[in-house]
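Undergrad: below are the sequence and a predicted model; questions follow.
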Amino acid sequence: MQTPRTKIVQALRLDPPQTGLRVKGWLRTLRKSKNVVFFEVNDGSCFASLQVVCAPELANFEEIGHLTTGSAVEVVGELIASPAKGQRVELKATEVIIVGRADASYPLQKKRHSHEFLRTIAHLRPRTNTYGAVFRTRSRLAQAIHAFFGERGFFYVHTPIITAGDCEGAGEMFNVTTFDVGDPARTEGGAVDWSEDFFSRQAYLTVSGQLNGEAFALGLSDIYTFGPTFRAENSNTPRHVAEFWMIEPEMAWCDLDDDCTLAEAFVKHLLKAALEDCAEDLSFFNSWVDKGLIKRLEHVVSADFERMSYGDAVKHLEKSGRSFEFPVHFGANLQAEHERYLTEEVVGRPLFVTDYPKEIKAFYMRRNDDGRTVAAMDLLVPKIGELIGGSQREERLDVLEATIREAGLDPELYAWYLDTRRFGTAPHAGFGLGFERLLMYVTGMENIRDVIPFPRTPRNCDF
């Protein structure tokens with residue numbers, strides 16, 4: 001019976017000698033002489049590669065020497081202590097099976113490639129050091145998200161991808177239709193007749209699972225969603241993609257203070273998981289992508305997050321003496337330059353800004369007693385600014401109905417949502433964290449396209 005495969009991450013932890021070890025992976029480098037061939041093999045299970053030593057006694061020694069970078073191999077051999085510096089063990093091959101040769105046109109050669117170039121071969125970039133590290137970290141943090149909420153008794157709810165309503169009221173939504181776009185069904189007046197479409201109404205890809213999540217929180221108390229969301233926003237910036245993942249908890253019996261407290265614990269949990277479980281990959285990011293990354297993450301984990309009202313934040317910005325690109329005044333949206341100034345120079349640590357003017361926030365946020373502001377919060381962190389946005393939700397039926405109308409939305413589309421206030425309303429709160437924004441912060445990567453496997457952006461839907 002054939003011995004099972006040992007992942008390279010496991011092989012590198014074993015104490016030599018170990019006989020009959022079987023590994024499988026892809027060649028990263030190869031060097032040869034008359035009497036020996038060395039190659040490094042990586043299977044994606046960890047950052048490091050395993051050096052394989054091949055002697056002339058191997059039946060296919062000559063063939064091995066002509067392998068090229070990217071080729072897939074299976075190697076059986078003895079794990080021994082390595083006499084070379086920089087590695088603890090190596091594999092002395094007794095058998096090398098060539099599984100899949102890499103064509104000479106393989107684009108990932110032993111040199112540094114730009115992120116822009118690697119986006120054009122997104123199907124191959126997981127084989128590189130940088131992107132292997134990024135996507136291992138992504139996987140570990142996804143697991144940490146579920147662990148955090150599971151330990152606290154939250155229920156995981158799968159909210160719909162296809163929706164009829166706009167949660168944010170911004171109108172930047174992708175249509176979902178089965179119509180022939182060149183010849184859709186039309187009314188007698190010539191308008192598109194959505195009643196003839198698949199759902200008998202206009203439908204969209206969701207921008208958020210929040211409204212559906214609220215319905216479940218007002219029955220199960222503590223829930224969270226974690227899934228893809230979509231924005232038809234024609235933005236070509238390092239911070240925007242058309243498809244991204246969101247984590248959105250909703251908690252009944254909670255106010256804005258409770259919301260902030262959970263958000264702080266959540267962020268610290270995720271950063272601690274990255275520091276403890278992705279140490280090798282974070283060390284690479286710290287050395288080659290963002291020097292000082294680990295120190296910054298450790299600072300956030302150990303810091304007490306500050307809380308400050310939007311009004312006080314504006315006062316700090318107005319008296320800063322800074323000439324900001326975007327003018328500051330009460331009622332203006334805070335921009336990244338403002339957020340970084342507040343976190344990096346005013347408080348020196350993460351900051352919750354709360355109680356924003358109602359005019360710049362969504363209809364579902366609870367109106368404060370002052371009549372000017374809503375019970376909203378944004379978590380700002382050094383270097384990138386906003387990481388989380390949340391609020392206490394408006395639980396009063398009459399007020400919510402009024403805010404829907406003020407936002408210019410059709411109350412009929414939100415009839416089911418209003419029912420949650422009509423039938424046993426209760427205080428509740430929640431927040432949203434963009435998973436890719438978190439990953440940028442944890443890895444130091446500066447473009448959101450580089451922390452999602454196959455980015456979807458304007459005029460780009462390859463792969």
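TA: Yep, that arrived.
Undergrad: ok, Arg13 - contacts?
TA: Taking CB atoms under 8 Å, 6 or more residues apart in numbering as the definition of contact, Arg13 has no neighbours. Any C-beta I mention is one placed from the backbone N, CA and C, and that applies to glycine too.
Undergrad: tell me the SS of it?
TA: coil (DSSP: H, G, I helix; E, B strand; the rest coil).
Undergrad: and for the residue lying closest to Arg101 once chain neighbours are set aside, the neighbour number?
TA: Leaving out its chain neighbours, the residue that sits closest to Arg101 by CB to CB, 6 or more residues apart in numbering is Ser71, at 5.2 Å. Neighbours of Ser71 under the rule other CB atoms under 10 Å: 21.
Undergrad: okay, now the unreliable bits of the stretch 251-400 of the chain?
TA: By pLDDT under 70, the stretch 251-400 of the chain has no low-scoring segment.
Undergrad: which residues in it form strands?
TA: In the stretch 251-400 of the chain, strands defined by DSSP state E, counting those that start in this stretch lie at 306-309, 351-357, 373-381, 385-392, listed in chain order.
Undergrad: what does the first one rub up against?
TA: Going back to what we said before, that points to strand 306-309. Contacts of strand 306-309 (CB under 8 Å, 6+ apart): 260, 316, 342, 347, 349-355.
Undergrad: got the residues you listed as TSV, with neighbour count columns?
TA: Listed next are those as TSV, based on neighbours: other CB atoms under 10 Å:
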residue	neighbour count
Cys260	20
His316	16
Leu342	24
Val347	18
Arg349	17
Pro350	22
Leu351	22
Phe352	22
Val353	25
Thr354	26
Asp355	21
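Undergrad: could you identify the most distant pair in those?
TA: Farthest pair in these (CB to CB) is Arg349 and Asp355. Separation: 19.9 Å.
Undergrad: now Val53. Nearest residue, chain neighbours left out?
TA: In space, and not counting its chain neighbours, Val53 is closest to Lys92: 5.1 Å by CB to CB, 6+ apart.
Undergrad: parallel or antiparallel, which strands does the helix or strand hosting Phe38 pair with?
TA: In this structure, Phe38 is located in strand 37-42 according to DSSP states H and E. According to DSSP bridges, strand 37-42 has the following sheet partners: strand 18-32 (antiparallel), strand 50-54 (antiparallel).
Undergrad: who's in contact with the last one?
TA: So the one you mean is strand 50-54. 8, 11-12, 23, 25, 36-42, 61, 64, 75, 77, 82, 84, 87, 89-93, 96.
Undergrad: how about Tyr224, secondary structure?
TA: Applying three-state DSSP: Tyr224 is strand.
Undergrad: how near is it to Gly213?
TA: Distance, Tyr224 to Gly213, using CB to CB, to the nearest Å: 8 Å.
Undergrad: mutual contacts of those two, please.
TA: Common contacts of Tyr224 and Gly213 (CB under 8 Å, 6+ apart): 157, 248-250.
Undergrad: in ChimeraX, select just the buried ones from those.
TA: Buried members of the shared contacts of Tyr224 and Gly213, defined by 16 or more other CB atoms under 10 Å, are picked up in ChimeraX with:
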select :157,248,249,250
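Undergrad: could you give the number of residues near the closest residue to Leu282 other than its chain neighbours?
TA: Using CB to CB, 6+ apart and skipping residues adjacent in sequence, the residue nearest Leu282 is Ile294, 5.8 Å away. Burial of Ile294 is recorded as 18 neighbouring residues (other CB under 10 Å).
Undergrad: now Ala313
TA: Residue neighbour count, defined by other CB under 10 Å, stands at 26 for Ala313.
Undergrad: in contact with it, which residues?
TA: When contacts are counted by CB under 8 Å, 6+ apart, Ala313 is found next to 334, 338, 342, 353.
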